[in-house]
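Student: coordinates only, sequence not included:
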């Protein structure tokens, strides 16, 4: 039984020149425990698909069902609750809040959770240690390297143990060595059971994922395929 | 981590913006507190001075021929005057503590070098207490003229060519000019010659007669109508006339001070509110991406709203407290210098509550629109905002 069902999803954007169809009749099934790469060139619609899958961006047509929940049938605020419970995000530019320390950034998703402050702090500290930044918990983002900021972003995304981790070009602005370390971290998380959906345009990243699917001009022509030895 | 800690983190790490916002609130609140306390003290001071200076009541005979005195018509015909015993009767009214000064007067016409002059017989201690605005040349402070001495109005001195120390004969008796009143703008003071009441009574052969009584009612909020009624009951043969013009003028002055203070205070607070609104609008724009990140994490609109309102609440709380302290301190230490008046501005702790309510209320009100814009942001659009 698939964790995510995407049924006939289309997305149109209105622009000055008229409507632009970014996603065209997408059908997709993603299973628990997969590390899925959404592959495609720039402008192919992969980031839009990621935002639709994560409950951020309602499709123009079709539906997305996650864990038997039709997420776009929910009200906007209930969908926010859904994201809090089910979804973790790693953004391309990390998107850390610059005025909060690494630990405080990691604690952000817990700010709206009902738990004692001490417990939240311990959870965040543990996750920071898991990503190798336990000693830099009290540094501000501008006191960390790009790779470290990315690790903080990953720690923030997983601190409330989401069902699915979404990552949008997480290594896009990193050097190859740091990118490799980040992908190994994702791989370790996946091996521990975390479902991950990652947008990337870099075929070298396939070495770390379990499945991949290609998207071109808003169309997915075939089901996700298992990746073996870094080859699709 | 709680929501208010996100707000606190932003405030403490964006020091320049927070300080600017805090400063604008401090300026708004402190100026309002300063203006309010100072104008209130000025109002009270003006009211007190007007009470002290103003003769609020005139007591006149009910009928008879008339002589003009300060725009009020007074009886002068023999047998129709008031009696000096009325002064003691006045002191027996219920609100007698409000009668700060009672000055009986006898008016008479005299001749000096063939010129007709208005002679006013007064008890100098009472008259000088009543006429605190007199600036009398030749008369030292607290000095009381003798029975053989005159105090001459400026206009009378000019017309009669009188100088200090000059001997003058009135009704066959010699007097010395002890003082000349500097121009007051009041015709009865400028044109009259003031002399001892009992002396004039003797010269006029009216041993207990007086023409009128002037009285100052010393209180700001006292019921002048009640005092008038009580005096009318005690003095059935006299007409008690409150000088409404003086009261109206006093009220007008007080209201002008109050209005000026209120208008300036409101303008300053509104300006602070405008600065808060502008600052919050800039903050929302600057943090559009942050809002997108938080919405993506599952923050509800109310959580986003809380972040902004906590920020404004914290800043405006401290702005209110510090603004109150600064405004009160300035008013207590420098209010009298700036007002150019001798003011007693007391410490007013109750104003702290009003300052807080004003600062927090205005800031929250000014933040509603920017905060509403923040919660209306589409998270996907917000995340694209770089």
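Tutor: Looks like it came in fine. Here the structure is a predicted model, which means the values were calculated and not measured.
Student: which one's the longest helix in chain B?
Tutor: Counting by DSSP state H, the longest helix found in chain B is helix B:244-286.
Student: Check which helices and strands that helix is in contact with.
Tutor: With contacts defined as 3 or more Cβ pairs under 8 Å, 6 or more residues apart in numbering or on different chains; DSSP states H and E, the packing partners of helix B:244-286 are helix B:15-53, helix B:301-339, helix B:350-375. Heads up, the C-betas are built off the backbone N, CA and C, glycines and all.
Student: Figure out how far that helix is from the centre of its chain.
Tutor: 18 Å (Cα atoms, centre = their mean, to the nearest Å).
Student: Let me see the contact set for residue A:77.
Tutor: Contact analysis of residue A:77 by Cβ atoms under 8 Å, 6 or more residues apart in numbering or on different chains lists B:300-301.
Student: Would you list the phi and psi of it?
Tutor: As for residue A:77, its main-chain torsions (degrees, to the nearest 10) stand at phi -70, psi -40.
Student: Which one of the helices and strands packed on helix B:244-286 lies nearest to chain A?
Tutor: helix B:301-339 (5.6 Å; Cβ to the nearest Cβ).
Student: Does anything pack onto that closest one? Which helices or strands?
Tutor: Here helix B:301-339 touches helix A:76-86, helix B:3-13, helix B:15-53, helix B:244-286, helix B:288-297, helix B:350-375, going by 3+ Cβ pairs under 8 Å, 6+ apart.
Student: helix or strand for residue A:180, which one?
Tutor: Assessed by DSSP states H and E, residue A:180 sits inside helix A:176-191.
Student: Identify each buried residue in that helix, please.
Tutor: A:178-183, A:185-187, A:189-190 (16 or more other Cβ atoms under 10 Å in any protein chain shown).
Student: residues near residue 38, how many?
Tutor: Since you didn't name a chain, this refers to chain A. 27 (other Cβ atoms under 10 Å in any protein chain shown).
Student: look at chain B instead
Tutor: For residue B:38, the neighbour count with other Cβ under 10 Å is 24.
Student: How about residue A:81?
Tutor: Residue A:81, neighbours per other Cβ under 10 Å, totals 14.
Student: so who does whichever residue of chain A sits closest to chain B touch?
Tutor: At 2.5 Å from chain B, residue A:84 is the closest residue in chain A, using Cβ to the nearest Cβ. Contacts for residue A:84 were tallied using Cβ under 8 Å, 6+ apart; they are A:109, A:112-113, A:160, B:297-299.
Student: Output the lowest mean pLDDT helix or strand found in chain A.
Tutor: strand A:225-226 (a mean of 82; mean pLDDT, DSSP states H and E).
Student: Apart from its neighbours in sequence, what residue is nearest residue A:219?
Tutor: residue A:24 (5.0 Å; Cβ to Cβ, 6 or more residues apart in numbering or on different chains).
Student: Which strand or helix spans the one you found?
Tutor: When elements are assigned from DSSP H and E, residue A:24 belongs to strand A:18-30.
Student: and the helix or strand following that strand, what other elements does it pack with?
Tutor: Downstream of strand A:18-30, the first helix or strand assigned by DSSP H and E is strand A:35-39. Helices and strands touching strand A:35-39, as assessed by 3+ Cβ pairs under 8 Å, 6+ apart, comprise helix A:46-53, helix A:176-191, strand A:195-200, strand A:211-214.
Student: what angle do the second one and strand A:195-200 make?
Tutor: Translated: helix A:176-191. 150 degrees (axes from the mean of the first three to the mean of the last three Cα atoms, to 10 degrees).
Student: Figure out how far helix A:176-191 is from the centre of its chain.
Tutor: The answer for helix A:176-191 is 14 Å, by Cα atoms, centre = their mean.
Student: Would you mind pulling up the elements that it packs against?
Tutor: Helix A:176-191 packs on strand A:35-39, helix A:146-158, strand A:164-168, strand A:195-200, going by 3+ Cβ pairs under 8 Å, 6+ apart.
Student: Adding mean pLDDT, write these out as CSV.
Tutor: As requested, the helices and strands packed on helix A:176-191 are exported to CSV (pLDDT from 0 to 100):
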stretch, mean pLDDT
strand A:35-39, 95
helix A:146-158, 93
strand A:164-168, 95
strand A:195-200, 95
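Student: That's all I had, so thanks and see you.
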